[in-house]
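# Quick one: sequence plus predicted model below, questions after.
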Amino acid sequence: MRDSSTRDMAAPAAGAGVASDPAPAVRFGPVLYLTEDPAWIRRQLDGERLPPDHGLPLRDAISTDEITPGWVCFHYDETLGQYCLVGLAGSPVGEGDLARAGFEVLVSGRSKGCGSSRETAPFSELCAGIRLVVAESFEKIYAQNAENLGLLTSTDFALLPRIARGEPIPLDAFIEGRDALSAGVVAAGGLFAYNRARLRGAVRVPTPPARDASRPMTLAEKILARHVVVDPSSPDSPLGVPAVAPGDAVFARTDVRFSHEYVTPMAETFFRHALGPDARVRSPERVYAFRDHLTFLDLVMPEERRKRGLLQQANGLATTQETFARRHGVRLYGVTERGGAEAICHNAVVEEIASPGELVIGTDSHTCMAGVLGCLAFGVGSTDMANAWYTQDVRVRVPHSVRVELRGRLRRNVTAKDVMLHLLAAPFVRGGHAIGAVLEFAGEGLADLPLDERATLTNMSVEAGAMTGLIAPDAVTFEHLRATRGLDDAAVAAIAQRAPCSDEGATYAAQLTLDCGDVEPMVATPGDPRSGRPLARLGAPVRIDIAYGGSCTGGKRSDMDLYARVFADAEARGRRIAPGVECFIQFGSRRIREYAERMGYVELFERVGVTALEPSCGACINAGPGASRSSEQVTVSAQNRNFPGRSGPGSVYLASPLTVAASALAGHIVSAPE
């Protein structure tokens, strides 16, 4: 892979739109350094203090799954503070430890807050008494969630000696370098406080910079330019500006807003508390709610957690979401008669809801999957969603775009999943250069990929730390809309006419070239989706206990085709799932299950020993069959991430649907024959 970097760093002056009163200074209490060695974290919790120049390596890539594991997210109030960091690898933090220890500053390495968009993570830090988080770099969604909540963040490690000496730190230190809107939010103490001040006229809302209409724009910039709210202080503001550029801070009008049962209750609570009991969702006909994450939780929740009332707590999330949807007239995708979800949110958005050129936000980091349709789609936290329910707008800093040029053709046993694992392991991504950017996929290598395979590319862009992934609409996109939505020629032609594409001469932060013919079957080793390597270099055979094919990434129609291809060949040879291996195939939606039934796949899966599961996020978030039950178990999975504890206590290797199916038959991780 080759890359060449060019940057357009024009940005508004930091602090624009902030009240003119002198910024106050802030003193902070003790600092907890999240070191690579869990023992040093434990020693600090037990009272030992590290100096700023301690020299110990800091933990990188602390995921939101580790800050607040899935079961912790059944809570969405101050209780979260008791569980902050209990999922941290090495288990140095027990329940209530952080809150009792009295720390006010957390320090870690690169990519703090990677993974899920769950706002429970920074909220739990706040509730545990943390007021400032310092890290080498932050993932985009986590950083914005922290801003929204009033949790201060900084990448300036020079602050730490000053904090240790007890010096007051001016609030300006946490505002400097931010875009105008972010600076205003931080100065106000959070997004709701900022919006209240905005509605009172107490802050000057920055307006989009004037840009020349002749400026060539990337695909993401063109979509954003169409959606910019020209006058953020007016609910009836006109939309659209001639051009935008990276660094511009804008409010943008959304076309689609969705949430799932994990997050809807928290967002709904913020909505009521901030806006009052009579507040109503604006344009509810383009708002959607999904019960898709915890559908099968009752089948896998450990007895110890049941005794603590966590199953009842989790079921209450769905009840709260149903009440919210009914009250506001929001379309709810619920459960089917078979017991599964109607659809995983991302699959439904691509199948039924979004259209090219739209702006889509969802309370899930894999919202970016809809970028396969040529939408600008990205995940947000509970506060952003609660505000968007009321205003229909979301604040955005126009991102840089990275163009990923795919050339050549994939081998027969290589899929888009292998392409993404290859890309994620590249130095450009592992070095953090994709954080907050848009990955715009293009090139002749896309031509042979069906839309579902392309969706794997956009879905897993967030694993690179990117804001989203995007693919310009083409004939494949339009044929998908025709086939899945029953559109006639005139309707498809109308969509095609207004579908956006990037301009010739647009500026990209970097341009990467990947020859698909060079990509081998890949596997990401446990702990990080960016730990990919060619399967041939994995070393000694890795025995597996579980093979899981599902989630939004691995439960699409084309994924079913891939599983079926391997299993049909196995059946013809008289082979079945290896003894001692549990193999699960889970559908992304009822439509995908119906497709698998029509194709005869469900019967094929059952004949070779596969357990077919109704639609749900399931094992991907440790909430359904396919999740490990002990630390000794090993899983090979077609899902999108494998952070510690993400899918149970065992080890998770990420691989393509072909590799998952072949491994289930072999009893160890192996690629499908070429």
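Good, I have the coordinates. Numbers count the residues shown, from 1 in each chain.
# who's in contact with stretch 598-608?
560-561, 563-564, 567-568, 570-571, 575-577, 585, 593, 596, 611-612, 665 (Cβ atoms under 8 Å, 6 or more residues apart in numbering). C-beta coordinates here come from the backbone N, C-alpha and C atoms, glycine included.
# Return the set of buried residues in it.
By neighbour count on 16 or more other Cβ atoms under 10 Å, the buried set for stretch 598-608 is Tyr601, Val602, Leu604, Phe605, Val608.
# before we move on, back to that, just the ones of the contacts of stretch 598-608 in helices?
Using DSSP state H, Met560, Asp561, Tyr563, Ala564, Phe567, Ala568, Ala570, Glu571, Arg593, Ala596, Leu665 are the members of these that sit in helices.
# Contact partners for the last one?
Applying Cβ under 8 Å, 6+ apart to Leu665 gives the contacts Val566, Phe567, Ala570, Arg575, Arg576, Ile577, Ala578, Val608.
# Strands of the stretch 551-674 of the chain, start to end?
582-586, 611-613, 634-637, 651-654 (DSSP state E, counting those that start in this stretch).
# now stretch 472-487, how far from the chain's geometric center?
25 Å (Cα atoms, centre = their mean, to the nearest Å).
# care to break the protein down by domain?
Following automatic domain parsing, the chain resolves into domains at 25-174, 262-340, 522-666.
# chain center to the first one, what's the gap?
Read it as domain 25-174. With Cα atoms, centre = their mean, you get 20 Å for domain 25-174.
# quick one, which of the domains of the chain is packed in tightest?
Of all the domains of the chain, domain 522-666 has the most neighbours on average by mean count of other Cβ atoms under 10 Å, namely a mean of 22.
# Kindly check the end-to-end length of it for me.
When the termini of domain 522-666 are compared using Cα to Cα, to the nearest Å, they are 17 Å apart.
# for the record, mean pLDDT for that domain?
Domain 522-666 comes out with an average pLDDT of 97.
# Only the C-alpha atoms, please, for stretch 338-347, written as PDB.
Output in PDB follows, covering the C-alpha atoms of stretch 338-347 (Å, rounded to 0.1, in the frame of the first residue of the first chain):
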ATOM      1  CA  ARG A 338     -39.800 -15.900  15.900                       C
ATOM      2  CA  GLY A 339     -38.200 -13.900  18.700                       C
ATOM      3  CA  GLY A 340     -35.500 -12.100  16.800                       C
ATOM      4  CA  ALA A 341     -35.200  -8.500  15.800                       C
ATOM      5  CA  GLU A 342     -36.900  -7.200  12.700                       C
ATOM      6  CA  ALA A 343     -33.500  -6.000  11.700                       C
ATOM      7  CA  ILE A 344     -30.100  -4.800  13.000                       C
ATOM      8  CA  CYS A 345     -30.300  -1.000  12.600                       C
ATOM      9  CA  HIS A 346     -27.500  -0.700  10.100                       C
ATOM     10  CA  ASN A 347     -28.900  -3.400   7.800                       C
END
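# How far away from the center of its chain is it?
18 Å.
# Show which residues not belonging to that stretch make contact with it.
Outside stretch 338-347, the residues that touch it by Cβ under 8 Å, 6+ apart are 258, 260, 288, 290-292, 295-296, 333-336, 348, 351-352, 362, 364, 366-367, 369-370, 459, 551-552, 555-556, 587-593, 613-617.
# ok, now stretch 115-123?
Residues contacting stretch 115-123 (Cβ under 8 Å, 6+ apart): 63-65, 67-68, 72-73, 75-76, 80, 113, 133, 139, 141-142, 145-146, 148-149, 151, 262-263, 266, 363-365, 367, 379-383, 641, 643, 646.
# Which ones among those map onto helices?
Under the assignment DSSP H, the contacts of stretch 115-123 contribute Thr64, Asp65, Ile67, Ile141, Tyr142, Asn145, Ala146, Asn148, Leu149, Met266, Ser382, Thr383 to helices.
# what residue ranges in this protein score low on pLDDT?
The chain contains residues with pLDDT under 70 at 1-23.
# Pull up the gap between Arg454 and Ser355, please.
As judged by Cβ to Cβ, to the nearest Å, Arg454 and Ser355 stand 16 Å apart.
# quick one: which of those two has more around it?
The neighbour comparison of Arg454 against Ser355 (other Cβ atoms under 10 Å) goes to Arg454, with 25 against 19.
# residues contacting that one?
Contacts for Arg454 were tallied using Cβ under 8 Å, 6+ apart; they are Val372, Ala416, Phe441, Leu446, Ile471, Val476.
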